[in-house]
Each structure stands twice: as structure tokens, then as C-alpha cells.
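Novice: here is a sequence together with a model predicted from it:
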Amino acid sequence: MPLPATFTIDSPGDAARAAELRRVKLLATSVLAATFVIFLAARALLPLHPVFGFIAAFAEAATIGGLADWYAVVALFKRPLGLPIPHTAIIQSNQHRIADKLGEFIEQHFLEAAPVEAKLRQIDFGSFIADWLRDRKRSEDLARFALRLLPEALAATENSGLMTFVSRRITAQLMAIDLAPLAAGTLRAFVKEGRHQGLLDDLLRGVHETMTTAETMAMIREKIRNELPTLLKLYRADKFLVNKIVASASAFFEEVRNDPAHPFRGEFDRMVLTFVDRLGTDPAYAERIAGLKRDLLARPELTSLARHIWENARSFFERSASGETQVLEQYLVRMFVTAGEALAGDAELRTEINQGLVAVLRTVVAEQKSGVSTFISDQVKSWDMGQLIALIEINIGRDLQYIRFNGSLIGGLAGLALYTLEYLLRLL
């Protein structure tokens, strides 16, 4: 149950209106008293001259009209003279019914889909967002606000178990990915672009450089020497063979590197494409890649790396939130300002934003309008009606008091007309 709402009358405007209300009330009451006194005096003087009959008729009807309108104005807000007269204190007595009808009226006439959508379409949300973001001061305030929320958001993320949930979901998603077709597709695109030929050139260059080093040549020579017959060792055939092998290999490598159409390159293409095809279709390859993926994801080093990255990120965010470093704040400010400038220059995107927000807000209003109606009704029911009526009287009571003046005048004129008609009929 909501607490009763309270209303205060403490603004200079309210004080001035309250003083004016008191002045008009006093004037209206004075007019009522004056018409009553005039009525009594005219009735007393009626034997002296017939004209006093007309004055008495006007004053009598003016008094009755003023009194009736006083009663009507007072009965609207409270009980006249505190008497328990039926159908008085109308606003207070019907507080709950007024509350329900007010909520129903707003729901039916203000929150209907058509007028809400029409009003929303008049608002250029996209331009407003663009202008707001382009203002560097506002973007700075937004960046600082976002950074102040970061530590709490990070703490909530860790304490809620969200990190565990996310890590499990990521691991499950990674395990569900079939890497073999992806790898095959990537390699096929690699071959289609001819980039594997550059890899072949690098591979040939690396092999050539390795073979021509003294250590490699000595190792090859020793291997050949161990395999040769003793007679050939005496003639140092091992050195001759090593030199011939290296020279032949170097010439072959150079020939392949300098000839884009060399047959070896065609063989290399076929070899690579055959491997790619097998990689995409052979279950054995798929199982090997899946096993490699499982082993990699199960490695404790990967978990430790992820934890280390998270700790570093959290430390950076905390230092950014405390103002120790301005790097992230400056980046966010630039990002917001740039986004605002880009949005300001993209009319199509602004139109899409406007249409999207209109659709979202229209749906929200349609779904929540009954809740708005109930909220308004509950609020009105919780109001302190005594204070509310005082506030209403201050703001519209002056106009209501003029009803009393009008009642006295119209009543007096009506009474005068009737008396005149009666007087003329008596003369006939």
C-alpha cells in the first residue's frame, strides 16, 4: 500500500494565489451580506415608494443566488458549515471512484496505440542521440558514469557465478565446432589465392640455407661416410658426394623458385589440394583435429592464461574507474563522440533508429498501459485529500468564487424580471 502523498504550499506563487483567494472570498461574502442588508432595508422602505419593491426583489434573488452558489462551491470540496448534508464534500467522498475513472480515462484516451505512435513519430530520437553524443562534455560524463559502474559490475559478475557459466558455455560451444571443415575451407581459400606458393618458396629457401651450413654438410658427410665401402672412403668419395648433393639440391631449389610454371609447383598444388580434400572428408583427420582441440581446451595452462587475462583486465578497469589511468576514459569519449558524428551524418541510420524505437516504445506502452492506469489509480487513492483540496482551491478557487458573483447578479436580475412581470400583471 503506497504511503499517502503530501502536498506543500510553500512557493511564492502559491502564497500569492492563497492571498488572492482570501481576498476574493471576502469580497464575495461581503456582496452576499450586502444584498441581504439591501433586501431587509428595501422591504422596510417598501411602504414609502413602490420602487423599493423592485430593489427588494433584486436583492432577495441576488442573496438567494449567491447563497446557492456558495453552497455549490463549498459542497464540491467539503461539507458546508461542517454539516453532514448528503452529496457534499464530493471530491473527498468519491476519491476512489475518481481515481479509478482517472486511470481508466488516461488508459483509454492517452495511451491508445494510434495517438501514442503518432506522438512518438514526431520525435527524432536519432538526431537527439547524435547531438547528445557529439557534445564532448556529455560524452565525458557518460564515460565517467560507465567507468564508475565497472567495478560493481565486475564484482557482481564474479560473485553471481556468471563467469563460471560463461566459461562453460564458451567451452561447450568450442567443443561443438567441427574444425575439420573450417580448416579445409581456410586452406582451400589459401590455395585458391596462390599463397601456398609463397609458402613453398619460403620452405625451399629455408631448406637450402640449412643444407649449405657447415654443420649440416658435416652431418650429411658423416652419414654418407658411414654408409660407403672402405675403398671409397680412401678416395674421399664422401666429400665429393656431399658437394654434388648440395649442388644439385641448390640448383633444383633455384630452378623451382625462378620458374612459376615449374612442374614441381603443379605437383605441390595437387599434393596440397589432396590433403585439403582429405581433411574435409576423412573421419580420421576430423577425429585427430577434435582430439587436438580437446587436449588443448583441457590444458591447465589455458585456464591459467584465461584467469591471468581476466585479472589483468579487472585491474585495468579498476584503475580506470579510480582515475589512476585515463586511457580507457579517453578511448570511450572518442568512441562516443565519433559515434555521434557518424550518426549525425547518416540519415538512413537515424531513420532506422527512429523506427526501431517507435516500434519498441509502442509495444512497451501497449503492454504496460493497464499497469500505468493501475499506478495512477493507486496514487490518487493514496493522496491526502485534505491537502490536495487545499492545493486545488488555491489554484482554481479564485475562479470558483466568481461563480458566487455571477450567481448573485444572475439571481438578482431573474428576481427583478419576475417581480416586474408580477407588478405589470397586477396593474392589468
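Specialist: Perfect, thanks for sending it. Residues are numbered from 1 along each chain as shown.
Novice: tell me the spacing between Phe252 and Gly194.
Specialist: Between Phe252 and Gly194 the distance is 21 Å, computed by Cβ to Cβ, to the nearest Å. C-beta coordinates here come from the backbone N, C-alpha and C atoms, glycine included.
Novice: what about those two, which has more around it?
Specialist: Phe252 (14 against 10; other Cβ atoms under 10 Å).
Novice: can you map out the helices along the stretch 251-400 of the chain?
Specialist: 263-281, 283-298, 300-321, 327-344, 347-382, 385-427 (DSSP state H, counting those that start in this stretch).
Novice: now those in JSON lines, with mean neighbour count, distance to Ala218 and mean pLDDT?
Specialist: Listed next are these as JSON lines, based on neighbours: other Cβ atoms under 10 Å; distance: least, Cβ to Cβ, whole Å; pLDDT from 0 to 100:
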{"stretch": "helix 263-281", "mean neighbour count": "14", "distance to Ala218": "28", "mean pLDDT": "76"}
{"stretch": "helix 283-298", "mean neighbour count": "13", "distance to Ala218": "37", "mean pLDDT": "76"}
{"stretch": "helix 300-321", "mean neighbour count": "13", "distance to Ala218": "38", "mean pLDDT": "80"}
{"stretch": "helix 327-344", "mean neighbour count": "16", "distance to Ala218": "54", "mean pLDDT": "90"}
{"stretch": "helix 347-382", "mean neighbour count": "15", "distance to Ala218": "68", "mean pLDDT": "86"}
{"stretch": "helix 385-427", "mean neighbour count": "16", "distance to Ala218": "105", "mean pLDDT": "84"}
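Novice: nearest to Leu26, of those?
Specialist: helix 385-427 (9.6 Å; Cβ to Cβ).
Novice: now do the closest one: distance to the chain's middle.
Specialist: 54 Å (Cα atoms, centre = their mean, to the nearest Å).
Novice: quick one, it and helix 347-382 angle?
Specialist: Comparing the axes of helix 385-427 and helix 347-382 via axes from the mean of the first three to the mean of the last three Cα atoms, to 10 degrees yields an angle of 80 degrees.
Novice: switch the helices of the stretch 251-400 of the chain over to a markdown table; also include distance to Ile245.
Specialist: Output for these, formatted as a markdown table (distance: least, Cβ to Cβ, whole Å):
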| stretch | distance to Ile245 |
| --- | --- |
| helix 263-281 | 18 |
| helix 283-298 | 34 |
| helix 300-321 | 42 |
| helix 327-344 | 58 |
| helix 347-382 | 66 |
| helix 385-427 | 106 |
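Novice: tell me who's in contact with Ser248.
Specialist: By Cβ atoms under 8 Å, 6 or more residues apart in numbering, the contact list for Ser248 is empty.
Novice: which other helices and strands does the host helix or strand of Gly103 contact?
Specialist: Using DSSP states H and E, Gly103 falls within helix 95-109. Helix 95-109 sits against helix 347-382, with contacts defined as 3 or more Cβ pairs under 8 Å, 6 or more residues apart in numbering; DSSP states H and E.
Novice: check which helices and strands the helix it packs on sits against.
Specialist: Partner elements for helix 347-382 (3+ Cβ pairs under 8 Å, 6+ apart): helix 95-109, helix 113-121, helix 125-134, helix 327-344.
Novice: go again with 7 Å.
Specialist: helix 95-109, helix 113-121, helix 125-134 (3 or more Cβ pairs under 7 Å, 6 or more residues apart in numbering; DSSP states H and E).
Novice: which residue packs closest to the residue nearest to the spatial centre of the chain, ignoring adjacent ones?
Specialist: In the chain, the centroid-proximal residue (Cα atoms, centre = their mean) is Leu357; its distance is 9.6 Å. Nearest non-adjacent residue to Leu357, counting by Cβ to Cβ, 6 or more residues apart in numbering: Phe125, 4.8 Å away.
Novice: pretty sure that neighbour is touching Val358, no?
Specialist: No. Phe125 is not in contact with Val358 according to Cβ atoms under 7 Å; the separation is 8.0 Å.
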